[in-house]
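Novice: return a 3D structure for these sequence lines:
(one chain, ligands or ions: 1)
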Amino acid sequence: MLDRRAFLEKSALLSALGFLPRAISAEEYERDVARTSAPTGFRGQPCVVSSANGINGVKLAYDRIAGGADTLDAIIAGVNLVELDPNNQSVGLGGLPNEDGVVQLDASCMHGPSRRAGAVGCLEDIATPSLVAKAVMDYTDHVMLVGEGAKRFALAVGFKPQNLLTEQSRKDWLRWKARLSDRDHWFEPESLEALKFTHGTINMNAVNAGGDLSSVTTTSGDSYKLPGRLGDSPIHGAGQYTDNSVGSAGSTGQGELNIKTCGAFLAVELLRRGVAPEQAALTVLERALAVSEKRRLDERGRPRYDLQFYVLTKDGRCAGATMYEGASFAVCDERGPRLEKCAYLFKASEHPR
Ligand code: GLY
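Specialist: Next comes the predicted model:
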């Protein structure tokens, strides 16, 4: 049964954002909802797409989907590989900490067929925030929990606390701290090798043969961030988004800018209008550039940051795009797992390093 109020709100919102050349009719919306709920007869190509650091995860997720697993369960298992890898310093265990030396993790997920969503932000001491985000979705009628409340919830539903700050990340944080100023009480570090910074993250999206979609994004966020900072990863519509009638999208890279762009939502809305995945991802990057503050751009308007988008359609087409040439994305379909080149807005030689 069509919820008239929801339909009117949706139409008004999309029209206001300029995505619709005209208001969608009640019949169109009803058809859309019906297809989302029951993709009977739909046969597409199963496909899993992620940021390049998910190259092992896309294979694991694809195999699980081929074995009948739910798309969200499969991709969360895929990103768990990275969350639990102590050598990956941008996600989960071993992630670079905030300016106080505390690892704070963000994650969000959306499950297309049931239209449910979950998220956690600034979660401490739990290595798999993607699973805690899903637990918020499964066990509560909330969508997002943050900070101390998120941790208390995680412990209550059975997650085990652990120290997420590895020796490597502690040393990197201390070197960053010692290099901050020549007017504090810390000596300069012995090694002047380049400091490590990361906006790294993993986003993963999947579709099965029946056209059911899911998305998840998980991160330790901006290295040495202010305590309490949330990036785009836990924000539905920014760090990831799924509409089961259309597709999924997600991002890695400069989170503040993506929050302002609502990038994952925009990518999916472009798919809805028939835009191809690669063009949708590039258009979102152009929008991010258009909303960039001047301080994030060089004198020729080129970004001083990078941002990537990964896009997947209901019928299994996918693409990745990045600001600067050189990035790849991971994909697994019937041809197996592989890295493919991202489309880009600027040549690598144009980067204002
Ligand atoms: N995109 C990850 C972050 O900015 O936190």
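Novice: pLDDT weak spots in the stretch 1-150 of the chain?
Specialist: Regions of the stretch 1-150 of the chain meeting the criterion pLDDT under 70 cover residues 1-41.
Novice: just the closest residue of it to the ligand, please.
Specialist: residue 106 (6.3 Å; C-beta to the nearest ligand atom). Any C-beta I mention is one placed from the backbone N, CA and C, and that applies to glycine too.
Novice: and the strand or helix carrying that residue, what does it pack against?
Specialist: Counting by DSSP states H and E, the element that carries residue 106 is strand 105-111. Packing contacts for strand 105-111, counted by 3 or more C-beta pairs under 8 Å, 6 or more residues apart in numbering; DSSP states H and E, involve helix 71-83, strand 116-123, helix 129-139, strand 213-219, strand 240-243.
Novice: near the ligand at all, the shortest one?
Specialist: Put plainly, it is strand 240-243. No: taking C-beta under 6 Å from any ligand atom as the criterion, strand 240-243 and the ligand are apart, separated by no less than 10.5 Å.
Novice: quick one: that strand to chain centroid distance?
Specialist: Chain-centre distance of strand 240-243: 9 Å, with C-alpha atoms, centre = their mean, to the nearest Å.
Novice: need the residues of the stretch 251-353 of the chain near the ligand, please.
Specialist: Applying C-beta under 6 Å from any ligand atom, we find that the stretch 251-353 of the chain lies next to the ligand at 252-253, 255.
Novice: tell me the pLDDT of the closest residue to the residue of the stretch 1-150 of the chain closest to the ligand other than its chain neighbours.
Specialist: Spatial nearest neighbour of residue 106, excluding adjacent residues (C-beta to C-beta, 6 or more residues apart in numbering): residue 234 at 4.0 Å. We have a pLDDT of 98 for residue 234.
Novice: mind listing the strands for this protein?
Specialist: For the chain, the strands defined by DSSP state E cover 47-51, 105-111, 116-123, 144-146, 202-207, 213-219, 240-243, 247-253, 307-313, 318-324, 328-333, 336-341, 343-346.
Novice: dump these into JSON lines; add mean neighbour count as well.
Specialist: Below are those laid out as JSON lines (neighbours: other C-beta atoms under 10 Å):
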{"stretch": "strand 47-51", "mean neighbour count": "31"}
{"stretch": "strand 105-111", "mean neighbour count": "30"}
{"stretch": "strand 116-123", "mean neighbour count": "26"}
{"stretch": "strand 144-146", "mean neighbour count": "20"}
{"stretch": "strand 202-207", "mean neighbour count": "32"}
{"stretch": "strand 213-219", "mean neighbour count": "34"}
{"stretch": "strand 240-243", "mean neighbour count": "28"}
{"stretch": "strand 247-253", "mean neighbour count": "32"}
{"stretch": "strand 307-313", "mean neighbour count": "29"}
{"stretch": "strand 318-324", "mean neighbour count": "25"}
{"stretch": "strand 328-333", "mean neighbour count": "23"}
{"stretch": "strand 336-341", "mean neighbour count": "14"}
{"stretch": "strand 343-346", "mean neighbour count": "19"}
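Novice: thinking again about what came up before, distance to residue 173 added to the helices and strands packed on strand 105-111, as JSON lines?
Specialist: Shown next, in JSON lines, are the helices and strands packed on strand 105-111 (distance: least, C-beta to C-beta, whole Å):
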{"stretch": "helix 71-83", "distance to residue 173": "19"}
{"stretch": "strand 116-123", "distance to residue 173": "17"}
{"stretch": "helix 129-139", "distance to residue 173": "19"}
{"stretch": "strand 213-219", "distance to residue 173": "17"}
{"stretch": "strand 240-243", "distance to residue 173": "27"}
